[in-house]
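> here is my input; please provide its structure:
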Amino acid sequence: MKNIDKTILVPTDFSVVADYALQHAIRVSGVVGEPVALLHVVDSPDKVSAAKEHIEAIAAAAEQKHGIRPSTIVKIGTIFTDIADTARTLNCSLVIMGSHTVRGKDELTGTNTLRVITSSPVPFITIQEPPVNKRYDDIVFPVDFTLENKEKHTWISYFCDYYVSRFHLIKPFVTDPEQLAKVDLNMASAIRYLDDRGAKYEVYTVPGKKQYAEEILDAAVNIRADLVVLMTTKTSGNGEYTMQPQEQYIIGNARHIPVMSINPR
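Predicted coordinates for the structure are as follows:
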């Protein structure tokens with residue numbers, strides 16, 4: 001039975017990578033039983049009619065190919081607010097969006113994808129390639145010293161409920177005693193969640209020969225991970241979110257591995 005209380009939202013700009021995102025969403029929908037909604041945002045009323053025709057054609061093609069017809073939404077506005085607003089209105093569990101591979105610090109910092117992710121009230125999965133595996137069998141959880149890191153551990157329950165996942169907890173190479181103590185505290189929290197749910201997991205410490213983000217992706221590739229789960233960093237005072245360079249690097253360079261970004265509460 002489908003879960004009508006939650007929805008998987010797929011923003012689309014009608015690009016090839018947006019179609020990849022829809023393919024991912026349909027596969028997730030088949031496992032968790034949640035409906036899929038397609039969203040396209042236009043910047044003027046005169047574009048609405050053509051957009052509705054295009055998005056309905058995509059939905060019909062998805063139904064013919066996959067047996068699932070997404071609902072469709074066309075809004076006038078901006079992706080920087082309307083994706084987040086739609087996610088709230090539909091009580092979405094996830095947003096899945098295509099993201100072009102990004103290279104270079106200046107280009108990455110200003111990408112639309114990052115601005116949209118940090119406005120999302122729900123976890124955001126970015127993808128760059130078509131799905132390889134139907135399920136999230138191997139999930140990489142980087143574990144660092146930040147307080148926010150603990151919040152993503154609650155998603156262990158989600159994956160344990162719907163998937164028989166193996167969790168790969170990746171520790172940074174840390175020599176500072178204070179930071180190491182915080183990493184170990186976060187790791188203990190993650191392991192407690194996993195043990196309580198009888199989940200399978202392994203713990204890795206990266207060598208420390210490269211930047212942590214690079215070593216996380218190296219490990220994910222070697223593991224043949226199906227998903228990397230990240231926590232964004234909350235700024236102080238204004239309630240908004242930013243991304244540290246390592247988070248930006250992983251999202252921009254994950255290529256075939258989907259990345260789930262979670263904004264702390």
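> need the pLDDT of Arg166.
The model reports Arg166 with a pLDDT of 92.
> what mean pLDDT does stretch 60-80 get?
95.
> now stretch 128-143: buried residues?
Neighbour-count burial for stretch 128-143, with 16 or more other C-beta atoms under 10 Å as criterion, is recorded at 128-129, 131, 135-136, 138-143. No exception for glycine: its C-beta is placed from N, CA and C like everyone else's.
> check stretch 38-55 too.
Those would be 38-42, 51, 55, for stretch 38-55 by 16+ other C-beta under 10 Å.
> equivalent analysis for stretch 163-174, please.
For stretch 163-174, a neighbour-count test (16+ other C-beta under 10 Å) marks 163, 165-172, 174 as buried.
> picking up where we left off before, for Ile262, state which of the buried residues of stretch 128-143 is nearest.
Taking C-beta to C-beta as the measure, Ile262 lies nearest Phe141 of these, at 11.0 Å.
> each with direction, which strands does the helix or strand hosting the closest one pair with?
Secondary structure from DSSP states H and E places Phe141 in strand 138-142. Partners of strand 138-142 in the sheet, by DSSP bridges, are strand 166-171 (parallel), strand 227-231 (parallel).
> a markdown table for those strands, including distance to Lys6?
Formatted as a markdown table, the strands paired with strand 138-142 follow (distance: least, C-beta to C-beta, whole Å):
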| stretch | distance to Lys6 |
| --- | --- |
| strand 166-171 | 22 |
| strand 227-231 | 18 |
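> of these, which approaches Ser99 most closely?
Nearest of these (C-beta to C-beta): strand 227-231, 13.0 Å.
> quick one: average pLDDT of that closest one?
Per-residue pLDDT over strand 227-231 has a mean of 90.
> just the CA coordinates for it, please, in PDB.
Provided in PDB are the C-alpha atoms of strand 227-231 (Å, rounded to 0.1, in the frame of the first residue of the first chain):
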ATOM      1  CA  LEU A 227      24.400   6.600  -1.300                       C
ATOM      2  CA  VAL A 228      26.500   9.000   0.700                       C
ATOM      3  CA  VAL A 229      24.700  10.800   3.500                       C
ATOM      4  CA  LEU A 230      25.900  14.300   4.500                       C
ATOM      5  CA  MET A 231      24.900  16.900   7.100                       C
END
